[in-house]
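[1] Provided below are the primary sequence and the corresponding predicted coordinates.
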Amino acid sequence: MNDLDLDVITRALPWLAQGLQYTVQLTCVAALGGTVLGTLLALARLSPRPIVAGLAASYVNLMRSVPLLLVIFWFYFLVPLGLQWLTSAENPPRVGAERSAYVTFILFEAAYFCEIVRAGIASVGAGQQAAARALGLDQAQVLVHVILPQAFRNMLPVLLTQAIILFQDVSLVSLLNVTDFVGAAGKIAQRDGRVVEMYLFVALVYLVLCSMTSALVRRWQRTHSIGQHPETAR
Amino acid sequence: MNWRIFLETMPEGDATWWQMLASGLGWTLACAATAWIIALAAGTSIGIARTGTSRAASRVAATYVELFRNIPLIIQFFLWYFVLPELCPPLKRWVVQADPAAVQFLAATLCLGLFTSARIAEQVRAGIESLGRGQRQAARAMGLNEAQCYRHVLLPVTFRVIMPPLTSELMNLVKNTAVAYSIGLAELFFRTREMGEITFRYFEAFAAATLAYMVIALAANRAMRFIERRIAVPGVAGTARSAH
């Protein structure tokens, strides 16, 4: 075995930092967008109209039953076609994998966040709803002022845990030749023939970042949890 | 759209495209099934170590879970397939002369098996902890040693309790086999991309793969539900759940 060349990592640091920045950016956008869209989906699933509830449920089930990698490639083909249809342009615009990934992850994560939000809403007792209605709030006010604040408080640890999973899952875009953190390391690994150093370094960085954030989430959960929190497994 | 494409033969060889996708599906299923066995065996052992009386074993088990949970799956694939042989010269010598498909399959099943085992270990731990200390104390008071206590009292109930999360882990495992594409294993996703790239029939190829993954997910779900109902013991926690 060749000796480890740690210099190759130091030299690549600026490039790797750029990749990590894209990874973090994509994670944050997808987590926020996914939460918003996921909340809307959850409300749709709880809707009294069977068509709305059914459509939302089929979307969620479809997204959850196919591999993320397949979804990433689907959207890579479909986003330009979708934009062409929306703008009625003559040719599909060149979107690029970097940008289509934002759409992919928001739409994909929405399905997972939807299930978390649904469990969160279910964790708020039925009495809350009845009491709020009795006070004269209408359905929207009940939702915005009573149910959702409590639901989000209950499900925050699970949402954050899902965001950590998302942070790891984003690495799959490197297979579309996107320079995220893994993609950046892969390019250096191949150019310099330093596979061992680069991949061990990437693994270490993820390990440290993810263990630290999950430890923080667990601590927050211990100190802030009120009653029981919804359990969702992925 | 041209669905006939599946009946056309590939440019080289005389197999049709659907036969090639079917061979990919075979690798996907073989990989998932082997990894599932590894994951159940390792996951149960780690889950037991996590809840046992030995502090040291519990520490080791906790570290194991953290390690496999906090590194992205694709990096774990790269570590098994590209990095490990470099760090272990005898392994490297074997890899160089072995059949590449065998090496990819071995790396993929080990990687997916251990990745999934960390998640199963957490389910087993949570299941055992949900039983409460009374079960363990009663078993020990009856004269069972720790191994017998797990074998005859804790695990039989735990596995019934954790059937629903185990079901979603199995479905995750099947979906995760697609990542084996990154090390070149000719599983379903690999074949789907290959077909798209050669025929430019991306839509048809991806639609077929999507359908196949949905069918496997459904089949895995039904199979686990069937087992869940068969092993249900009336009156035991977690088994009274109605199937839907």
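    Cool, got the structure.
[2] hey, let's count contacts and neighbours off CA atoms from now on
    Fine.
[3] for chain A, what are the nearby residues on chain B?
    B:66-67, B:70-76, B:78-79, B:82-83, B:86-89, B:165, B:168-169, B:171-172, B:175-176, B:178-179, B:182, B:189, B:206, B:210, B:213-214, B:217 (C-alpha under 8 Å from any C-alpha of the partner chain).
[4] and those residues, which of them are in helices?
    With helices defined by DSSP state H, the entries of these inside them are B:66-67, B:73-76, B:78, B:86-87, B:89, B:165, B:168-169, B:171-172, B:175-176, B:189, B:206, B:210, B:213-214, B:217.
[5] Buried ones among those residues?
    B:66-67, B:73-76, B:78, B:86, B:165, B:168-169, B:171-172, B:175-176, B:189, B:206, B:210, B:213-214, B:217 (16 or more other C-alpha atoms under 10 Å in any protein chain shown).
[6] In contact with residue 217, which residues?
    No chain specified, so I'll use chain A. Going by C-alpha atoms under 8 Å, 6 or more residues apart in numbering or on different chains, A:Val217 touches A:Pro157, A:Leu160, A:Thr161.
[7] I was after chain B.
    Contact analysis of B:Ala217 by C-alpha under 8 Å, 6+ apart lists A:Ser65, B:Met171, B:Val174.
[8] Would you tell me which one of the residues you listed comes nearest to A:Arg218?
    Taking C-alpha to C-alpha as the measure, A:Arg218 sits nearest to B:Met171 out of these, at 26.3 Å.
[9] so the closest one makes contact with B:Ala220?
    Yes. When contacts are counted by C-alpha atoms under 8 Å, B:Met171 is listed as touching B:Ala220 (6.5 Å).
[10] Just the pLDDT for A:Gly96.
    A:Gly96 is assigned 83 on the pLDDT scale.
[11] Leaving out chain neighbours, which residue sits closest to residue 91?
    In the absence of a named chain, chain A is used. Spatial nearest neighbour of A:Asn91, excluding adjacent residues (C-alpha to C-alpha, 6 or more residues apart in numbering or on different chains): A:Gln84 at 6.6 Å.
[12] I was thinking of chain B, sorry if that wasn't clear
    B:Pro85 (5.4 Å).
[13] any idea of the pLDDT on that neighbour?
    93.
[14] who's in contact with residue 146?
    You didn't pick a chain, so chain A it is. The contact partners of A:Val146, taken as C-alpha under 8 Å, 6+ apart, are A:Gln128, A:Gln129, A:Ala132.
[15] wrong one, I was asking about chain B
    Counting by C-alpha under 8 Å, 6+ apart, the residues that B:Glu146 touches are B:Arg140.
[16] And the pLDDT at the residue nearest to A:Asn91?
    83.
[17] Please, which helix or strand holds it?
    Assigning secondary structure by DSSP states H and E places A:Gln84 in helix A:68-87.
[18] What are the contacting residues of that helix?
    Helix A:68-87 is contacted from outside by A:63, A:90-97, A:100-101, A:103-105, A:108, A:172-173, A:176, B:175, B:178-179, B:189, B:206, B:210, using C-alpha under 8 Å, 6+ apart.
[19] Could you list the contact residues of chain A toward chain B?
    Residues of chain A found near chain B (C-alpha under 8 Å from any C-alpha) are A:1, A:62, A:65-70, A:74, A:168-169, A:171-172, A:175, A:182, A:195-196, A:199-200, A:202-204, A:206-207, A:210-211, A:233-234.
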